[in-house]
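Enquirer: sequence below, structure please.
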Amino acid sequence: MQTVKMVVTGPFGAGKTEFIQSVSEIDVVSTERKISNKAEAAVKEATTVAMDFGRITVDEDLVLYLFGTPGQKRFDFMWEILSEGMLGFIVMVDSTRPETFREARSILETFRAYAPTPYVVAANKQDMEDAWDMEDMRHALRLDDKVKFLPCVATDKNTVKTVLLELLYSILAEME
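Expert: Alright, predicted model coming up:
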């Protein structure tokens with residue numbers, strides 16, 4: 001049996017935990033804590049402080065392990081630990097919060113420095129009325145045309161599966 005470690009990263013509130021929860025076949029191991037900071041609490045009630053962990057069996061020969069990183073800077077010491085042994089990563093970006101785009105770009109660069117593995121960028125909340133257009137986001141994030149940039153809704157199992165499969169195809173292509 002082959003296992004593939006994938007890391008799901010991105011800014012605070014981008015949808016990483018929901019992304020993993022929507023497809024994991026096990027109860028997600030989560031280290032969420034209640035938020036006390038008023039500005040952050042306006043975005044969501046709890047935040048990941050160490051990691052989220054989920055698992056998906058693709059078939060009898062292949063299992064994906066999904067590790068979600070904390071999005072807040074004060075927990076970024078976990079990023080390098082979680083990136084060890086990863087075969088690919090996903091950067092989640094909240095399409096409705098352009099103020100997080102620069103941070104998403106910085107996180108992308110950080111993870112590329114940890115390991116030269118395949119990655120995709122997922123534009124979460126593409127179902128929202130105030131979501132940015134994909135091409136405008138690609139430009140704002142300064143993503144090369146070769147980077148797989150995919151629309152996503154973290155609570156929708158089908159769009160999450162599409163993002164995971166695109167990353168898996170990139171990983172498998174690199175292994176050949």
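Enquirer: the residue nearest to Asp156 when sequence neighbours are not counted sits in which helix or strand?
Expert: What sits nearest to Asp156 in space, not counting adjacent residues and going by C-beta to C-beta, 6 or more residues apart in numbering, is Ser22, at 6.8 Å. For glycine as for every other residue, the C-beta is placed from the backbone atoms N, C-alpha and C. In this structure, Ser22 is located in helix 16-23 according to DSSP states H and E.
Enquirer: any idea how far Met137 is from Ala131?
Expert: 9 Å (C-beta to C-beta, to the nearest Å).
Enquirer: shared neighbours of the two, anything?
Expert: Ser95, Ala123 (C-beta atoms under 8 Å, 6 or more residues apart in numbering).
Enquirer: which of the two has more neighbours?
Expert: Met137 (21 against 18; other C-beta atoms under 10 Å).
Enquirer: the more buried one reaches Asp94, doesn't it?
Expert: No - at 10.2 Å, Met137 does not count as touching Asp94 under the criterion of C-beta atoms under 8 Å.
Enquirer: for stretch 18-32, list every residue counted as buried.
Expert: Within stretch 18-32, the residues that count as buried by 16 or more other C-beta atoms under 10 Å are Glu18, Phe19, Ile20, Gln21, Ser22, Val23, Ser24, Val28, Ser30, Thr31, Glu32.
Enquirer: measure Asn124 to Trp132 for me?
Expert: Separation of Asn124 from Trp132 (C-beta to C-beta): 11 Å.
Enquirer: more neighbours: which of those two?
Expert: Per other C-beta under 10 Å, whichever of Asn124 and Trp132 has more neighbours is Asn124, with 29 against 22.
Enquirer: mind checking the backbone torsions on Phe89?
Expert: As for Phe89, its main-chain torsions (degrees, to the nearest 10) stand at phi -150, psi 160.
Enquirer: can you tell me the closest non-neighbouring residue to it?
Expert: Using C-beta to C-beta, 6+ apart, the closest residue to Phe89 is Val7 (4.2 Å).
Enquirer: now do Ala122
Expert: Cys152 (4.1 Å).
Enquirer: and the helices in this protein?
Expert: 16-23, 38-41, 77-83, 101-114, 134-140, 157-175 (DSSP state H).
Enquirer: just those helices: most buried one?
Expert: The highest mean neighbour count among those, using mean count of other C-beta atoms under 10 Å, belongs to helix 16-23: a mean of 23.
Enquirer: quick one: mean pLDDT over it.
Expert: What helix 16-23 shows for mean pLDDT is 94.
Enquirer: and it, how far from the chain's centre?
Expert: 9 Å (C-alpha atoms, centre = their mean, to the nearest Å).
Enquirer: what of stretch 99-111?
Expert: Using C-alpha atoms, centre = their mean, the offset of stretch 99-111 from its chain centre is 12 Å.
Enquirer: cool, thanks, talk later.
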